[in-house]
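Undergrad: Fold the stuff below for me.
(4 chains)
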Protein chains: 2
Amino acid sequence: MKFESATIKDIALKLNLSKSTVSRALRDSYEISEQTKKLVLEYAKKINYRPNPIALSLKERRSHTIGIVVPEFSNNFFSQAINGMESIAYSSGYNVIITQSHESYDREVINVEHMAYRSVDGLLISVSVETENYDHLKKLHERGLPIVFFDRIVEEIDTYKVVCDNFKGAYDATTHLIKKGFKNIAHITSAEQMFITQKRLEGYRKALEDNKIPFQPQLIKYCVHGGKITSEVEDAITSLFKKKIKPDAILSAGDRITTVMLPVMKKLFSTNHKVAYMGFSNSDLTDLFCPSLSVIRQPAFEIGQAAMEQLIKIIESKRPIKEFNTQIFESSIIIKESTN
Amino acid sequence: MKFESATIKDIALKLNLSKSTVSRALRDSYEISEQTKKLVLEYAKKINYRPNPIALSLKERRSHTIGIVVPEFSNNFFSQAINGMESIAYSSGYNVIITQSHESYDREVINVEHMAYRSVDGLLISVSVETENYDHLKKLHERGLPIVFFDRIVEEIDTYKVVCDNFKGAYDATTHLIKKGFKNIAHITSAEQMFITQKRLEGYRKALEDNKIPFQPQLIKYCVHGGKITSEVEDAITSLFKKKIKPDAILSAGDRITTVMLPVMKKLFSTNHKVAYMGFSNSDLTDLFCPSLSVIRQPAFEIGQAAMEQLIKIIESKRPIKEFNTQIFESSIIIKESTN
DNA sequence: GCTTTAAATGACATCGATTGCGTAAAATAA
DNA sequence: TTATTTTACGCAATCGATGTCATTTAAAGC
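TA: Next up, the predicted model:
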């Protein structure tokens, strides 16, 4: 099955003109007489002519398409960020292609390369939890592909980055828990090597320190798959509650971990085990939970917008940009029943 | 900023060969001597040569890319369906491009046309709630673009379709509510013109009929934006509870409506207003709700897989396919506290 | 009536890769 | 030795659109 489209050649043949003339008429060139233009435009409309973007991409080496790679869009933070990106892209005349890495390094490499070699003018990416080697991105970046990182950024590649103040988010949340009287605050977080994991941990530690609560390493649990695999969260929780000093509160880093943690707790402790919960989450549904969940919410839409704006700036700049900054957005903590 | 890649020409120039020879060597043609092949392959590897997919698409009029258009991927049904589609596409050597219509007819038209004219070999689509005119799809379909519909299908276009048994889903859910003793079962549903809305309503009515419960039209409320706008759900609920016969149960059609309905009820009736809830939803979080939610769950992943399989079948078939069928999957009802 | 000049249009190369056809050189057959 | 076949490669067209550089035509100038 093949999908055929009208081309400039069809118009030229029909009207007994050359391809060049038709092309110029369509682009409203001053060199073409009004009469001819009218003729061409009318016929083009009649046969529903559309320029073939593939041919244009080949010629112009531009596709007006931007690639987005996120771990998963069932994660609300990412789907909201994508909405922000789309809003900017569409109003700037760009289209958007989206793929998921499913937290897999291999899939991320495939997607990134497919997009790069397939035409995108630039790339917005939040790396997978597995990604520790950045060669696939470095290589493309060095060869001139504009890249902007958001949320899960790669420190060692010098370009624009857009993140949330993860330190402060975790600091504020931890402080809130401390103020509520919790002393043994566990922190279930994502893979250790991730930049945002480190920042969140720092915020957590600083809050403890500022409140003169000793840091207990055994209260920190890493989930190497970012909570994608339920059992890792289960293992983390099990091992936390095996210790003689049991946590009275849990701070979770990441949407996935937050939402997986709750059913796991329910499953493990059928009785009303009183533990406070607080977590990073952009889900709209946490209010409906039992108990309703206190969360750290990130301005995902705005982060997406900012990242897209920066990327388009790079793409459209005439000369290579040398100075890059990192935009930092504030998250907000929303207090509900789970930390009472 | 431009992103430059090595081309066949670069290799040809360097090795003093013609482009054709290089091309054939890379494709391991029998016409090329082993020696030359080795030379070319080695140099290609050295400079990290990749064929330019844009040029290939132009030439072959095939892109090995499939377009997916869904209303929103924050809707779990769609994100799960997409995962199913990706799994099949990747293992068949296709890449996938995804866009959201955001339940907007205009955006859907733009996305569909962008994809069609941009290169996709085929299209998987679930139409937006606003879409009542199908010309944008008909036009492309008539011109030979392979299209497969899933979930929100378009009846009047003759191609493969993959859906859930919406009639049965609604029938089973309503039957369950009736068996639990509920008599005044309201049905809050999506836009009236949608095929799945009609089927679900039919299932609902049949269940009433089979149980000798009179159908009350005032218990049916349509949300023309499919619940995307909170106020429409609020209005629906308000008007339901204004009547003298108040509903004792609500059956909601659609993920969005289901999850919006609950906070709205909470907001409108702060006291413990005892109403049973049941709804179509593929969210993983409904278990955490207060009360945990009885749902009709659709096999979204499998639906996505099936749709992609059918599409690839059309794309790869040598001769036009004339006979199309509609695959129907069973949904399952999961009983929790909200219908007790 | 012949030259200059502007206006309108066409021919052709280009972007990167593929491919049908043609052909020089080498190998084989007669 | 000459004729034929095989091997190994190059040329050029193609896909759709753009842009440079002619070229034609007509109007204006002398």
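
Undergrad: Could you use CA atoms for every contact and neighbour count after this?
TA: OK.

Undergrad: so what's whatever residue of the stretch 151-300 of chain A ends up closest to chain B closest to, chain neighbours aside?
TA: Closest to chain B within the stretch 151-300 of chain A is A:Phe289: 4.3 Å, counting by C-alpha to the nearest C-alpha. Leaving aside its chain neighbours, A:Phe289 sits nearest to B:Phe289 (4.3 Å; criterion: C-alpha to C-alpha, 6 or more residues apart in numbering or on different chains).

Undergrad: give the contact list for the one you found.
TA: A:Leu288, A:Phe289, A:Cys290 (C-alpha atoms under 8 Å, 6 or more residues apart in numbering or on different chains).

Undergrad: I'd like those as CSV, with secondary structure and pLDDT appended.
TA: What follows is those, written out as CSV (DSSP: H, G, I helix; E, B strand; the rest coil; pLDDT from 0 to 100):
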residue, secondary structure, pLDDT
A:Leu288, helix, 87
A:Phe289, strand, 88
A:Cys290, coil, 82
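
Undergrad: what's the closest of the residues you listed to DNA strand D?
TA: Closest approach between the contacts of B:Phe289 and DNA strand D, by C-alpha to the nearest atom of the strand: A:Leu288, at 52.0 Å.

Undergrad: which residues touch the residue in the stretch 101-250 of chain A that DNA strand D sits nearest to?
TA: Nearest residue of the stretch 101-250 of chain A to DNA strand D, counting by C-alpha to the nearest atom of the strand: A:Ser119, 14.0 Å away. Contact analysis of A:Ser119 by C-alpha under 8 Å, 6+ apart lists A:Ser57, A:Arg61, A:Arg62, A:Ser63, A:Thr65, B:Pro53, B:Ile54.

Undergrad: Now, these that are in helices?
TA: A:Ser57, B:Pro53, B:Ile54 (DSSP state H).

Undergrad: Just among the residues you listed, which is most surrounded?
TA: Highest neighbour count within these: B:Ile54, with 25 neighbours (other C-alpha atoms under 10 Å in any protein chain shown).

Undergrad: measure that residue to B:His64 for me?
TA: Distance from B:Ile54 to B:His64, counting by C-alpha to C-alpha, to the nearest Å: 11 Å.

Undergrad: A:Ile188 too?
TA: Applying C-alpha to C-alpha to A:Ile188 and B:His64 gives a distance of 41 Å.

Undergrad: buried set for the helix or strand hosting A:Ile314?
TA: Using DSSP states H and E, A:Ile314 sits in helix A:300-316. Buried residues in helix A:300-316, counted by 16 or more other C-alpha atoms under 10 Å in any protein chain shown: A:300-312, A:314-315.

Undergrad: same check, this time on stretch A:329-336
TA: A:Phe329, A:Glu330, A:Ser331, A:Ser332, A:Ile333, A:Ile335, A:Lys336.

Undergrad: so how far is it from its chain's centroid?
TA: 19 Å (C-alpha atoms, centre = their mean, to the nearest Å).

Undergrad: how long is that stretch end to end?
TA: 23 Å.

Undergrad: pLDDT averaged over it - what is it?
TA: The predicted model assigns stretch A:329-336 a mean pLDDT of 96.

Undergrad: what's next to it, contact-wise?
TA: Taking C-alpha under 8 Å, 6+ apart as the rule, stretch A:329-336 contacts A:162-166, A:168-169, A:172-173, A:287, A:292-299, A:303.

Undergrad: quick one: which of those residues sit in helices?
TA: Per DSSP H, the subset of the contacts of stretch A:329-336 in helices is A:Asn166, A:Lys168, A:Gly169, A:Asp172, A:Ala173, A:Ile303.

Undergrad: pLDDT added to the residues you listed, as CSV?
TA: Shown next, in CSV, are the ones in helices among the contacts of stretch A:329-336 (pLDDT from 0 to 100):
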residue, pLDDT
A:Asn166, 96
A:Lys168, 97
A:Gly169, 97
A:Asp172, 97
A:Ala173, 97
A:Ile303, 98
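
Undergrad: Show me which of those is closest to DNA strand C.
TA: Using C-alpha to the nearest atom of the strand, these come closest to DNA strand C at A:Ile303, 34.4 Å.

Undergrad: ok, that closest one to A:Leu251 distance?
TA: Taken as C-alpha to C-alpha, the span from A:Ile303 to A:Leu251 is 23 Å.

Undergrad: rewinding a little: of the contacts of stretch A:329-336, which are in range of chain B?
TA: Counting by C-alpha under 8 Å from any C-alpha of the partner chain, the subset of those that neighbours chain B consists of A:Asp287.

Undergrad: So among the contacts of stretch A:329-336, which ones count as buried?
TA: Buried among the contacts of stretch A:329-336 by 16+ other C-alpha under 10 Å: A:162-166, A:168-169, A:172-173, A:287, A:292-299, A:303.

Undergrad: From those, pick out the ones that also neighbour DNA strand C.
TA: Contacts with DNA strand C within the buried ones among the contacts of stretch A:329-336, as defined by C-alpha under 7 Å from any atom of the strand: none are present.

Undergrad: Burial check on the closest residue to A:Thr7 other than its chain neighbours, number of neighbours?
TA: Spatial nearest neighbour of A:Thr7, chain neighbours left out: A:Tyr49 (6.6 Å); criterion: C-alpha to C-alpha, 6+ apart. If you count neighbours by other C-alpha under 10 Å, A:Tyr49 ends up with 16.

Undergrad: Tell me the spacing between A:Tyr49 and A:Asn325.
TA: 43 Å.

Undergrad: As JSON lines, the buried residues of stretch A:329-336 with secondary structure and distance to A:Lys180 would be great.
TA: As requested, the buried residues of stretch A:329-336 are exported to JSON lines (DSSP: H, G, I helix; E, B strand; the rest coil; distance: C-alpha to C-alpha, whole Å):
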{"residue": "A:Phe329", "secondary structure": "strand", "distance to A:Lys180": "26"}
{"residue": "A:Glu330", "secondary structure": "coil", "distance to A:Lys180": "22"}
{"residue": "A:Ser331", "secondary structure": "coil", "distance to A:Lys180": "20"}
{"residue": "A:Ser332", "secondary structure": "strand", "distance to A:Lys180": "17"}
{"residue": "A:Ile333", "secondary structure": "strand", "distance to A:Lys180": "14"}
{"residue": "A:Ile335", "secondary structure": "coil", "distance to A:Lys180": "11"}
{"residue": "A:Lys336", "secondary structure": "coil", "distance to A:Lys180": "12"}
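
Undergrad: can you pull out the helices in chain A?
TA: Counting by DSSP H, the helices of chain A are A:8-15, A:19-26, A:34-46, A:53-60, A:76-91, A:105-118, A:135-142, A:166-179, A:195-210, A:230-242, A:255-268, A:300-316.

Undergrad: could I get these as TSV with distance to B:Glu192?
TA: TSV is the format used below for the helices of chain A (distance: least, C-alpha to C-alpha, whole Å):
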stretch	distance to B:Glu192
helix A:8-15	43
helix A:19-26	42
helix A:34-46	35
helix A:53-60	37
helix A:76-91	27
helix A:105-118	39
helix A:135-142	47
helix A:166-179	44
helix A:195-210	45
helix A:230-242	39
helix A:255-268	34
helix A:300-316	31
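
Undergrad: Quick check: which of the ones you listed is nearest to B:Gly227?
TA: Nearest to B:Gly227 among the helices of chain A is helix A:76-91; the distance by C-alpha to C-alpha comes to 17.3 Å.

Undergrad: That's all I had, so thanks and see you.
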